[in-house]
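any chance you can model this:
(2 chains)
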There are 2 protein chains.
Amino acid sequence: MATVAKTHRVVVVGGGFGGLHATQCLKHVPVTVTLIDRRNFHLFQPLLYQVATGWLSPANIAATLRAILKRHKNTHVLLAEAVGIDVDNRRVLLDSGSLTYDTLIVATGSRHHYFGNHHWEPFAPGLKTVEDATEIRRRIFSAFEAAEREIDTEQPSALLTFVIVGGGPTGVELAGALGEIANDTLKHDFRNIDPSKARILLIEATDRILPSYPPELAYQAEIALNKLGVEVLSQALVTDINPRAVTVKRPHGLETIPCRTVIWAAGVQASFLGKLLAQATGAKLDRSGRVLVEPDLSLPGHPEIFVIGDLANYVHQTGTPLPGIAPVAIQQGQYVAKVIQSRVAGAPPPSFRYRDRGNMAIIGRASAVADLGKLQFSGFLAWLAWLFVHLMHLVEFENKVLVLIQWGWYYFRRNRAARLITSSDSAKRNDCPQS
Amino acid sequence: MATVAKTHRVVVVGGGFGGLHATQCLKHVPVTVTLIDRRNFHLFQPLLYQVATGWLSPANIAATLRAILKRHKNTHVLLAEAVGIDVDNRRVLLDSGSLTYDTLIVATGSRHHYFGNHHWEPFAPGLKTVEDATEIRRRIFSAFEAAEREIDTEQPSALLTFVIVGGGPTGVELAGALGEIANDTLKHDFRNIDPSKARILLIEATDRILPSYPPELAYQAEIALNKLGVEVLSQALVTDINPRAVTVKRPHGLETIPCRTVIWAAGVQASFLGKLLAQATGAKLDRSGRVLVEPDLSLPGHPEIFVIGDLANYVHQTGTPLPGIAPVAIQQGQYVAKVIQSRVAGAPPPSFRYRDRGNMAIIGRASAVADLGKLQFSGFLAWLAWLFVHLMHLVEFENKVLVLIQWGWYYFRRNRAARLITSSDSAKRNDCPQS
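This is a model prediction of the structure:
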């Protein structure tokens, strides 16, 4: 009696950089792939701060997973939420139903994290999703509108104080963009207030911004930020955030900063699926909830489960864990696909080696810092390099064109056309419309 | 003792087509202008259905009022909500504070209306705001996703039934776009369902769609819609909408259509400010709540108050009220600005005469109908004319370029890149992110 050879089923949870690249690399491997995500699109997160600051539209940095994968005949996209993993029976539990796997790739990433102060979130939103970005955009531009209305009161100084918590690349990019909004974009827009009087504070707990960059570049970045009117407060640990103020602990004591707009760019925690996996398999987690993985990115004792991207703590050839950035997730996704391909073909698996191509952070118009290992530079050239690299990595050619046009427009006209104040609240107010 | 001549204060409520054009035309008139809107942007509503169907991004059809008016030295933009008008003391009451006027222009438009069935709104949203558009977009694309997940049940036929209530231009444009989404855009996207099996119904209470167009053009439009897989149900009056079905009364009796996605494009009602003005001044309202205005668009007995656009019922030189469309609002805004200019200069006011340049409705890719009075045509030429006219009227050059590229992209690649499923609910679900 002939047996029917069942196709090897790969389930990928999460359509971010890691999950998407793993899926794409499995296109010609004789397996069936199911990519699960609860959003219908892949988001190019490195440009999300440009949505939050009214430069680009959400759709410009997103591409629907189905559109990206429509020609992948062996791939199935499922819009669903993974709520658990039944390791023993090799099943992913979904919000409705479940899915059986032979190999599982978990790439559910991370979320911003308030270090035990979750109650700060309503006053200091973080930037991970499209909705986060439109909410931050709403807060930034609403603050200027409120200040324009309330010129007679004593409010304006607090209304026009913006605090960004966290001096990593996202915090630096947000602070730089805010500096340009206040000093450039909104220059002629108001009659009662002078937007350039806005106070923009970038707060960092350690002794300098961009801790992962060489000190010289961090210094260049701080100078560039100062030119844009951004004050950098290092050695400042946030101890309280409320709707009226942020309190920080500095070397000389506590300091309270009255402000209405706070953005959180200080910490991330890995997806809860990491914790579930650890409980089920005995795998270890690091302080941020990332899963400590084997050299081939599988779980200890579970070669059929891979954890990649922001959710994985992978100790680099240099002895330190790889950072939670897109290039790491992409290379890990590609690598895991190759491991699966080797296994299916019965060939020896390759070994993973991260190729660090460097880091770049944009500060403003024609200003950035780039750390390409031996080569470190800042200013206009770094800015051009930043634009080029990010444009090349954007998914879908249409988005590349739309983003390039909007960047060009901004460069020459300094206009941020996407600064709409929208929200479900605004929608509710529209029962009696005015426009 | 010298008296200081106070500048004449014009207050404009509403930054839609009427209010914005009135404000712009007052640029060089020696008055001060305050434009009040509760949104920070002017919205190009004729293209809103393209946002709702994943073709354009909201920012592509919006322009911030401050950016448009930044060079208008006599103009002040105020982000606020007008909640009442104190006619005797010439004050507009705002959600916070109030504003005194010498001349008032009320241009607060209209909102979709359920003819006493307001409880239908959650099941059948209308399309007036950016938030409406992203909500309808979410429902359309979520329906296909749900059908893909639920292939095993008997649900799919209802999940893939889309009902559009109202056969006017907006209903026709939405139905055509939905037909293209089902038959073209999503063609290769799914594995379990065939999107072209979706049932798209356009329901119209009168005996034909596009009642305001010549019968021959309406007939052409119906043929074009049929080609896109849209069924037109005329003489069908909606009697009930619930989360599971729409019930319509047809000549032969009641008919119940199981469906999950319903879009309301059937009726509008004027802003509540019309009612307040009528109560305060004794002005008359028509059935839709529009204010009956004098030949110079002022309120009877109140030459200092003008009502324009969708909020006004102005009886045309032909004896019928002007329709609630952008060209009417624009011309009325421009006219009222001229009346104010004449009054300030002590010159005799001009008289208003509406120049009807015709109507156009788009049905799909390379298909539209145009009624330019003596000249009536349909098909590709009408489509080109539609594109050209709408592109020319879009505010801000950057938006023209971005929209043109996305239209071109769609024409050649049939891709709708902006079909993101976003909502504040999705944001909430993101506490444990997957992408």
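
okay, how far is it across stretch A:93-110, tip to tip?
Length of stretch A:93-110, first residue to last, Cα to Cα, to the nearest Å: 19 Å.

now it: buried residues?
Across stretch A:93-110, burial judged by 16 or more other Cβ atoms under 10 Å in any protein chain shown covers A:93-94, A:99, A:101-110. Any C-beta I mention is one placed from the backbone N, CA and C, and that applies to glycine too.

in strands, which of these fall?
If you go by DSSP state E, those have A:93-94, A:99, A:103-106, A:110 in strands.

if we can go back for a sec, near chain B, from the buried residues of stretch A:93-110?
A:108-110 (Cβ under 8 Å from any Cβ of the partner chain).

now flag whichever of the residues you listed is closest to residue B:256.
Here the nearest of these to residue B:256, counting by Cβ to Cβ, is residue A:108; it sits at 42.2 Å.

my guess is the closest one contacts residue A:276, does it?
No. Assessed by Cβ atoms under 8 Å, residue A:108 is found out of contact with residue A:276, at 10.3 Å.

find the residues that touch each one of these two.
Overlap of the contact sets of residue A:108 and residue A:276 (by Cβ atoms under 8 Å, 6 or more residues apart in numbering or on different chains) is empty.

now do the end-to-end distance for stretch A:281-299.
Terminal-residue distance, stretch A:281-299 (Cα to Cα): 8 Å.

stretch A:171-189 too?
26 Å.

model confidence over it, on average?
The average pLDDT within stretch A:171-189 is 95.

for the helix or strand residue A:145 falls within, which helices and strands make contact with it?
Using DSSP states H and E, residue A:145 sits in helix A:130-149. For helix A:130-149, the packing partners by 3 or more Cβ pairs under 8 Å, 6 or more residues apart in numbering or on different chains; DSSP states H and E come out as helix A:48-52, helix A:156-159, strand A:261-264, strand B:75-79, helix B:424-429.

quick one: which of those is nearest residue A:396?
helix A:48-52 (16.0 Å).

now for the closest one, which elements pack on it?
When contacts are defined as 3+ Cβ pairs under 8 Å, 6+ apart, helix A:48-52 packs onto helix A:130-149, helix A:169-180.

now the ones next to chain B among the buried residues of stretch A:93-110 as TSV including pLDDT and distance to residue B:316?
Compiled in TSV, those are given as follows (pLDDT from 0 to 100; distance: Cβ to Cβ, whole Å):
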residue	pLDDT	distance to residue B:316
A:108	97	61
A:109	96	59
A:110	94	61
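
out of those, which comes closest to residue B:336?
Distances from residue B:336 to those, taken by Cβ to Cβ, are shortest for residue A:109, at 54.2 Å.

leaving out the residues flanking it, which one is nearest to the closest one?
Leaving aside its sequence neighbours, residue A:109 sits nearest to residue A:310 (Cβ to Cβ, 6 or more residues apart in numbering or on different chains; 4.4 Å).

surely the one you found and residue A:326 touch.
No. Between residue A:310 and residue A:326 there is no contact under Cβ under 8 Å: 9.5 Å.

of the two, who's got more company?
Each of residue A:310 and residue A:326 has its neighbours counted (other Cβ atoms under 10 Å in any protein chain shown); residue A:310 has more, 31 against 18.

assign the more buried one to helix, strand or coil.
helix (DSSP: H, G, I helix; E, B strand; the rest coil).

which residues does the residue sitting nearest the centre point of chain A contact?
Centrality entry for chain A: nearest residue to the mean C-alpha point is residue A:45, 4.3 Å, by Cα atoms, centre = their mean. Going by Cβ under 8 Å, 6+ apart, residue A:45 touches A:16-17, A:128, A:326.

any idea how many residues pack against the closest residue to chain B within the stretch 251-400 of chain A?
Relative to chain B, the nearest point of the stretch 251-400 of chain A is residue A:272 (4.5 Å; Cβ to the nearest Cβ). For residue A:272, the neighbour count with other Cβ under 10 Å is 18.

show the pLDDT at it.
Note on residue A:272: pLDDT of 95.

do the one 3 residues further on as well
The model reports residue A:275 with a pLDDT of 96.

can you report phi and psi for the closest residue to it other than its chain neighbours?
Nearest non-adjacent residue to residue A:275, counting by Cβ to Cβ, 6+ apart: residue A:289, 6.2 Å away. Per-residue torsions, residue A:289: phi 80, psi 10 (degrees, to the nearest 10).

report the contact partners of residue A:289.
Here residue A:289 is in contact with A:110, A:269-272, A:274-275 (Cβ under 8 Å, 6+ apart).

out of the residues you listed, which is most surrounded?
Highest neighbour count within those, by other Cβ under 10 Å: residue A:271, with 29 neighbours.
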